[in-house]
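Colleague: prediction below, plus the sequence it came from.
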Amino acid sequence: MGTLGMLFSVPGQTMGVSVFTDHLIGELKVSRDQLSLAYMFGTIGSSLFLTLAGKWYDRYGVRLVMSGATIMLALALIVASFSPAIVSLGKGLSFLPLSYFAVFIMSLLFFMIRFSGQGVMTMSSRNMIMKWFDRKRGLANALSSAFVSFGFSMSPLILAWGIGRFEWYGTWRWLAVLLVLFAVLVLVFYRDNPEICGLVPDGKNPRPLTEKEQLQQNRKQFTLKEARKTTAFWGVAIATTFNGFFVTGLTFHILSIFHTAGMDDTKALGIFLPATLISVIVSIGGNYISDFIRLKYLLLIMALGGILSSIGLILLGNGWSYYVLIVGNGTLSGMYSVLSAVAFPRYFGRKHLGAISGFNMSMIVFGSAIAPLIFSLSKTQTGSYHHAGMFSLTVAALIFLLATRVRNPQTN
């Protein structure tokens, strides 16, 4: 159910919104820059409230928070499907140009879409899965991540088919109906943790617990304030934020990036499938070994993925750099799916997981919000994406250095 919840968050994810971009530009009569600005405003706004949403998760439980977010996303999609009519009402506001009014309306709608979909639905579903497993947390996340990765990669094609069949506004309305039905499933099947069902994480354990497993069960439950004082928190948080930044910036401007490098649309769109395959393989392997090794080593691999991706972007146009970008991006995304799920419950316990992961999610969403603008400024100010790549490379290198200092706070 948690995996299904993450898949239902697709309308609030970048790849889910991007399919509707050109239709919105035409219907709202705004420029691409204006719609991108509205997307940035809405996404940054959503990031400011995700820490609070994490605290709601800890206080009210996954069923209420997840069902509320699902209904909110459904409502936002319905309203967004009528956005051209809503914007047309702004003709009576003589003091405000109609395009500005459109940016204002879409900023509010993108706030609702991003906050509920990318933010709360993803956070709540992932946290629920992690609370149900301890010793087998990595294995559970590996299985979930594989389905989510392939589901996300297929979603643009499914949404494009829907637009061709029902028009863009009709597709959003059908998605809203499906989300309402899913909200009912959330209320029936979602559970905060196994203990409230009279169970234990991982199911029954017939053999005696090892000393390491006993320590895991008796781990300290860090608050958000305590977690933020550790190097481990910032190592994972900055790395996962970088993934949101780089992947969003690359995806949002993918065609322009490749055109600037003298490559066509086929080459640009051709990176997604192999990168997804690498991501799934890295995720499965990383999740499996995460149950047995220190997570700092996975963090180092994630940083290396970011370094390779940045080098591939900087040197794009050379034959080999295309494949470096694919491998780096796949490695970066694969390790993100591991660390964003398993690191915080291992390092800080499960009691305040909502607040801790909510704060991290707000960082990730903020990073994804500013990425399109930073990449765009690199292009408009310098004529290429070289500076965006150099900025990314610098951050990835700093994350690698920070990762060498990460220690499990439970063992300090």
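Modeller: Nice, I can see it.
Colleague: pretty sure Gln118 is touching Met15, no?
Modeller: No: the criterion here is Cβ atoms under 8 Å, and Gln118 misses it with Met15 at 10.5 Å. In short, each C-beta sits where N, CA and C put it, glycine included.
Colleague: who has more neighbours out of these two?
Modeller: Gln118 (28 against 17; other Cβ atoms under 10 Å).
Colleague: quick one: contacts for the closest residue to Leu98 other than its chain neighbours?
Modeller: Nearest in space to Leu98, with sequence neighbours left out and distances taken as Cβ to Cβ, 6 or more residues apart in numbering, is Gly90 at 5.5 Å. Listed by Cβ atoms under 8 Å, 6 or more residues apart in numbering, the contact set of Gly90 reads Leu96, Leu98, Phe101, Ala102, Ile105.
Colleague: looking at these, which are in helices?
Modeller: In this view, the contacts of Gly90 that belong to helices under DSSP state H are Leu98, Phe101, Ala102, Ile105.
Colleague: how many neighbours does the third one have?
Modeller: For Ala102, the tally of surrounding residues (other Cβ under 10 Å) stands at 24.
Colleague: mind checking how far it is from Ser149?
Modeller: Ala102 sits 34 Å away from Ser149, taking Cβ to Cβ, to the nearest Å as the criterion.
Colleague: can you check Phe20 too?
Modeller: Phe20 is 22 Å from Ser149, by Cβ to Cβ.
Colleague: how about Pro11?
Modeller: Taking Cβ to Cβ, one finds Pro11 at 17 Å from Ser149.
Colleague: which one's more surrounded, these two?
Modeller: A direct count of neighbours by other Cβ under 10 Å for Pro11 and Ser149 places Pro11 higher, at 27 against 22.
Colleague: pLDDT wise, what is the more buried one at?
Modeller: Looking at Pro11, its pLDDT reads 94.
Colleague: which stretches of this structure have low pLDDT?
Modeller: 92-96, 204-218, 412 (pLDDT under 70).
Colleague: what packs against the longest helix seen in it?
Modeller: Longest among the helix segments of the chain by residue count, using DSSP H, is helix 137-189. On a contact count with 3 or more Cβ pairs under 8 Å, 6 or more residues apart in numbering; DSSP states H and E, helix 137-189 meets helix 2-7, helix 14-18, helix 21-28, helix 62-81, helix 122-131, helix 272-290, helix 319-348.
Colleague: that older thread, go through the contacts of Gly90 and say which is closest to Ile78.
Modeller: Ile105 (14.1 Å; Cβ to Cβ).
Colleague: my read is that that closest one contacts Ser83, right?
Modeller: Yes: if you go by Cβ under 8 Å, Ile105 and Ser83 touch, sitting 6.2 Å apart.
Colleague: what is in contact with these two at once?
Modeller: Common neighbours of Ile105 and Ser83 (Cβ under 8 Å, 6+ apart) do not exist.
Colleague: if I look at Leu159, how far off is Leu269?
Modeller: For Leu159 relative to Leu269 (Cβ to Cβ), the value is 15 Å.
Colleague: let me see the contact set for Ala38.
Modeller: So Ala38 contacts Val30, Ala102, Val103, Phe104, Met106, Ser107, Phe110 (Cβ under 8 Å, 6+ apart).
Colleague: how about the third one, nearest residue that isn't a chain neighbour?
Modeller: Excluding its sequence neighbours, the residue lying closest to Val103 (Cβ to Cβ, 6+ apart) is Ala38, at 4.6 Å.
Colleague: part of a helix, is the one you found?
Modeller: Yes: secondary structure of Ala38 (DSSP: H, G, I helix; E, B strand; the rest coil): part of a helix.
Colleague: quick one: it from Ser88, how far?
Modeller: For Ala38, the distance to Ser88 equals 17 Å [Cβ to Cβ].
Colleague: swap in Leu181?
Modeller: 31 Å.
Colleague: with Arg405 instead?
Modeller: On the measure of Cβ to Cβ, Arg405 and Ser88 end up 55 Å apart.
Colleague: name the residue in these two with the higher neighbour count.
Modeller: Using other Cβ under 10 Å as the criterion, Arg405 and Ser88 rank with Ser88 on top: 14 against 11.
Colleague: what does whatever helix or strand that one lives in rub up against?
Modeller: Assessed by DSSP states H and E, Ser88 sits inside helix 83-88. The contact list for helix 83-88, computed with Cβ under 8 Å, 6+ apart, reads Leu24, Glu27, Leu28, Val79, Leu98, Phe101, Ala102, Ile105, Met106, Leu109.
Colleague: now do the buried residues in that helix.
Modeller: Ser83, Pro84, Ile86, Val87 (16 or more other Cβ atoms under 10 Å).
Colleague: check which helix or strand the residue lying closest to Arg407 once chain neighbours are set aside maps to.
Modeller: Distances taken as Cβ to Cβ, 6+ apart place Ala232 nearest to Arg407, at 6.3 Å, with adjacent residues excluded. Element membership for Ala232 (DSSP H and E) is helix 231-252.
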